[in-house]
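1. the following comprises the amino acid sequence and a computationally predicted model.
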Amino acid sequence: MAPQRFKRHLAFLQKAYHPLSVDELVARIVARTVPDNAVAITFDDGYRDNVVIAKPLLEQAGVPATFFLTTGAIGKGRPFWWDELWALLCAGPPKAEFIMDVAGQPLQVQWSDDQPATKMCTPWRAGVEPQTGRQRAYVLLWRNLKDLSPQSRDKALKTLHEHLGGSATPTWSDLDLPMSLEDAGSLPSTCISVGGHARTHHPLVEFDPARRWQEISGSRAEVAEQTGQLPTGFAYPHGNWNSETRTQVADAGYSWAVTTHRAAVMPKNCDPFALPRLAVGDWSAEQLRDEMEALRR
């Protein structure tokens with residue numbers, strides 16, 4: 001979302017709600033002392049704009065927040081694969097139709113957009129219903145690449161680049177990249193805490209127990225190494241979890257975990273290892289108010 005809108009969100013939350021860190025929210029749930037209109041802010045993945053733009057605004061407003069880091073991406077200087085995929089499609093031609101191999105399976109990809117790619121691509125985000133052929137192609141590819149191993153996914157992205165003639169040159173700002181190691185080290189403060197988000201952002205239920213444990217417990221150790229702060233909370237990549245994953249998150253030493261289930265936290269009967277959240281878009285403060293109030297109904 002635009003920084004100015006985020007500032008207005010923070011002003012609204014300070015006025016109408018009671019901002020808490022997730023750590024304090026969970027502690028108050030246990031103690032049955034959750035204040036009225038409690039709200040907690042979280043950020044997933046570990047984008048560089050989180051530390052460069054969001055952190056100063058949060059600290060200026062005095063609003064706490066938790067940032068979940070995908071530790072395998074920190075300091076690598078490479079975009080997340082879903083951003084790389086979108087950048088490739090945006091750099092591609094106005095029209096395309098081909099069949100590409102995705103982990104041994106043929107996948108038909110096509111689009112035909114009348115407007116220039118830059119105009120069609122820039123304003124769109126994947127959480128918004130696709131309106132163009134290029135956007136629908138992205139959703140198709142994302143769904144087919146999401147559960148692949150990192151090696152198979154890299155191979156598929158290379159194949160896509162070849163189908164685009166090798167001429168597609170993706171571009172992105174450094175703010176769209178994951179944090180550097182220096183960024184991560186500067187993240188924690190009296191206002192900002194950090195959490196684990198696995199090592200590779202792969203759907204955890206797709207792994208066997210041993211590999212899943214490496215993702216969960218390994219990310220906790222790596223967050224501590226990268227930031228100097230041992231995390232107490234975890235965010236399930238893609239909101240993807242089951243009872244076995246929940247148990248391993250608890251066994252790894254985390255005290256709570258968040259999902260992507262759209263709902264309000266109900267203190268009387270909530271599971272601290274399955275906390276729901278509201279994914280916020282580039283909304284006005286009024287729309288944020290309406291979306292939050294809708295969760296009460």
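-> Received the coordinates, thanks.

2. how about G233, phi and psi?
-> phi -120, psi 160 (degrees, to the nearest 10).

3. distance of it relative to L13?
-> Separation of G233 from L13 (CB to CB, to the nearest Å) stands at 19 Å. The way it works is simple: take the backbone N, C-alpha and C, and place the C-beta from them, glycine included.

4. more neighbours, those two?
-> Neighbour totals were compared for G233 and L13, and G233 leads with 27 against 20 (other CB atoms under 10 Å).

5. A65 is in contact with that one, correct?
-> No - contact criterion CB atoms under 8 Å: G233 and A65 do not qualify, at 11.6 Å.

6. anything in contact with each of those two?
-> S193 (CB atoms under 8 Å, 6 or more residues apart in numbering).

7. helix/strand/coil for V63?
-> coil (DSSP: H, G, I helix; E, B strand; the rest coil).

8. which ones are touching it?
-> Applying CB under 8 Å, 6+ apart, the residues contacting V63 are L10, L13, Q14, P19, I41, C191.

9. if you set the cut-off to 6 Å instead, what comes out?
-> L10, P19 (CB atoms under 6 Å, 6 or more residues apart in numbering).

10. from A16, how far out is it?
-> V63 is 13 Å from A16, by CB to CB.

11. pLDDT at D183, what is it?
-> pLDDT, D183: 97.

12. if I look at it, how far off is V265?
-> D183 sits 29 Å away from V265, taking CB to CB as the criterion.

13. grab the nearest non-local neighbour of the residue nearest the centre of the chain.
-> Closest residue to the average C-alpha location of the chain: D44 at 3.7 Å, with CA atoms, centre = their mean. Take D44 and drop its neighbours on the chain: the residue closest to it by CB to CB, 6 or more residues apart in numbering is F68, 5.1 Å away.

14. that neighbour is in contact with Y236, isn't it?
-> No - counting by CB atoms under 6 Å, F68 does not reach Y236; the two are 9.6 Å apart.
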